[in-house]
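Chemist: I would like to see how this sequence folds:
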Amino acid sequence: MPILVAPKAFYLLMTPFLLRMKAYIQSPPVCEEKEKFQKLAEEERQRHTEAPKKRQKTQGGTRSSRAVPNTPAPDKPEELIGKRVQHLIEEFDGSSRWYYGIITGLKVRRGKYMYSLVYDGETETFIFPLLDDMEKDELRIVPLDPAFLVGRRVDHRFRREADGEEFWYTGTVTGHDADTGLSTIAYDFEDADDDDDDDDNNSNVFEEPVIEDYQNGDVLNPFFFFCRLLSRDLIFFPAQVKQQLGLLDIKLLDIEMKLRESENEDNLKISRIQKQLNDTTAIAQVQKQLGILDIKMSDIEMQLNESKHECSLKISRLQTQITDSTAQVGFTAHGQGYGTRSPGYQLKFPLIRYSIGISNLASMTNNGTFVCEKKGLYLVTVTGMACSRGRAAFTIYKNHWEFMKCYIGRGDYYREDCHSGVGTGVVVLGVNDVVYVRVRDTSITLYENWSSFSAVKLK
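Modeler: This is a model prediction of the structure:
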């Protein structure tokens, strides 16, 4: 009858073969080849050690200093993203050459920081452990040429002195003054002061020390700013996730192939053992060994099943992450009717103009409350129109807490004046979080048919 033998039997049966291999490796011919290989490796290492020293020697016998001092390592790995650098590359002929480029991304592979680098004039992206190269002075951050930023779109960071809060403003660098070291930036915002009669005053144009701020990490190209956010928040691109799924599939196929090879070897060993059983009287001892092998086989099968289960869970989590990161969620709703509304009145938005990715909007149409179904970062916009003798305003609530106070307008207390006001904000919502709008302060004549409520999931 057939006898099952576990793959671990391979190690027991291969012991004589391994002993013969050890004797072969320690034989004189093999040792001589090993010594030759070690000698060649030592000569190659010595050549790489002495080559830079020879290039550094001058006619007087002393070493010349480098053109750019060593660049200190950054406090945070992601601070290199968006920096212009020069990178020392060894050519095929053994010489070394500096190449210029820009660092565009960061990944962690096997516990090591790997950076994406695009060289000047190239479209392909190369991956290097640049922190190691920086320690060996083979990577340097290059002082930025002012002409490099002129005409480019940048993100500029400002810090409020009162509380240290950071703000990013986007604009276009339009010029640079070499005497003052200041660059001219036209920001993408307009002066809200309508009383300024000076039409020639470009209120969104400023002179800033862009080069100095770039070296401090306060000026970024918008593309590299987006890459830095992704690296800091650990959000994967769908293409990267798909690449990881492909690697997991390859690993699963490799495990299955090794299992089949192991089974084939086991079948061969079983056949040999059965032949030995016909010629030996130590059946009891062989059966005992087979029992041990069966136990080991069960352990291997259990480990394999656990490995497959873990891979399936990882694939499921990655697929869920792809779905959540690419899902489109949002709506726009309008009110209906008008009339006098007291403070605390909750605005109604029964007319759904458009919605996507939301299965239930009953609470919105019934009482004007938006109930979040998919967690994420949302942009909320509310427009309200009202007439009043005094100040008219409304409040946006998140989970019954004031999230934003929005001002509509005010009258002269003798007659009603009509105005519209808009409140816009970004808020993180979890599942079943609610957002709604209420009148505040004074009674107003609210035109809900001219009011609207919109929300869209950003990520």
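Chemist: Secondary structure of Glu256: a strand, I assume?
Modeler: No: judged by DSSP: H, G, I helix; E, B strand; the rest coil, Glu256 forms no part of a strand; its state is helix.
Chemist: which SS state does Ala162 fall under?
Modeler: For Ala162, the assignment made with three-state DSSP gives coil.
Chemist: What separation do you get for it and Thr332?
Modeler: Relative to Thr332, Ala162 is positioned 36 Å away (CB to CB, to the nearest Å). C-beta here means a position set from N, CA and C on the backbone, and glycine is covered the same way.
Chemist: and if you look at Asp177?
Modeler: Distance, Asp177 to Thr332, by CB to CB: 46 Å.
Chemist: Show me which of the two is the more surrounded one.
Modeler: More crowded of Asp177 and Thr332, by other CB atoms under 10 Å: Thr332, with 16 against 11.
Chemist: check which helix or strand covers the more buried one.
Modeler: Using DSSP states H and E, the secondary-structure element containing Thr332 is strand 330-334.
Chemist: what helices or strands is that strand leaning on?
Modeler: The criterion is 3 or more CB pairs under 8 Å, 6 or more residues apart in numbering; DSSP states H and E, and the helices and strands that strand 330-334 contacts are strand 351-356, helix 362-367, strand 452-457.
Chemist: Unless I misread the structure, Ile250 falls within a helix.
Modeler: Yes: applying three-state DSSP, one finds Ile250 inside a helix.
Chemist: Tally up the residues packed near it, please.
Modeler: Using other CB under 10 Å, Ile250 has 10 neighbouring residues.
Chemist: now the one 10 residues further on
Modeler: Around Arg260 sit 10 other residues, with neighbours defined as other CB under 10 Å.
Chemist: Look at it and tell me its secondary structure.
Modeler: Quick answer, by three-state DSSP: Arg260 is helix.
Chemist: same deal with Arg97?
Modeler: Going by three-state DSSP: Arg97 is strand.
Chemist: pretty sure it contacts Tyr119?
Modeler: No: with contact defined as CB atoms under 8 Å, Arg97 does not reach Tyr119; the gap is 11.2 Å.
Chemist: Who has more neighbours out of these two?
Modeler: The neighbour comparison of Arg97 against Tyr119 (other CB under 10 Å) goes to Tyr119, with 16 against 9.
Chemist: Show me the beta-bridge partners of that one.
Modeler: Beta-bridge partners recorded for Tyr119 (DSSP bridges): Gly101.
Chemist: Now do the contacts for it.
Modeler: Going by CB atoms under 8 Å, 6 or more residues apart in numbering, Tyr119 touches His87, Tyr99, Tyr100, Gly101, Phe126.
Chemist: of the residues you listed, closest to Thr340?
Modeler: Gly101 (65.5 Å; CB to CB).
Chemist: Tell me the spacing between the closest one and Thr320.
Modeler: 36 Å.
Chemist: These two: who's more crowded?
Modeler: The residue with more neighbours, out of Gly101 and Thr320, is Gly101; 20 against 10, by other CB under 10 Å.
Chemist: Determine the set of other helices and strands touching the lengthiest helix in the chain.
Modeler: Using DSSP state H, we find that the single longest helix of the chain is helix 283-326. Contact here means 3+ CB pairs under 8 Å, 6+ apart; on that basis helix 283-326 packs against helix 9-13, helix 238-279.
Chemist: Could you rerun that using 6 Å?
Modeler: helix 238-279 (3 or more CB pairs under 6 Å, 6 or more residues apart in numbering; DSSP states H and E).
Chemist: so the helix it packs on versus helix 283-326, what angle?
Modeler: In this structure, helix 238-279 runs at an angle of 170 degrees to helix 283-326, with axes from the mean of the first three to the mean of the last three CA atoms, to 10 degrees as the basis.
Chemist: I'd like to know how many residues surround Gly181.
Modeler: Gly181: 13 neighbours (other CB under 10 Å).
Chemist: Over to Lys348?
Modeler: By the criterion of other CB under 10 Å, Lys348 has 21 neighbours.
Chemist: wait, what's in contact with it?
Modeler: For Lys348, the contacting residues are Gly335, Gly368, by CB atoms under 6 Å, 6 or more residues apart in numbering.
Chemist: How is it assigned, secondary-structure-wise?
Modeler: What three-state DSSP gives for Lys348 is coil.
Chemist: Over to it: give its phi and psi.
Modeler: Main-chain dihedrals, Lys348, degrees, to the nearest 10: phi -110, psi 140.
Chemist: can you check Pro350 too?
Modeler: The phi/psi pair for Pro350 (degrees, to the nearest 10) is phi -80, psi -10.
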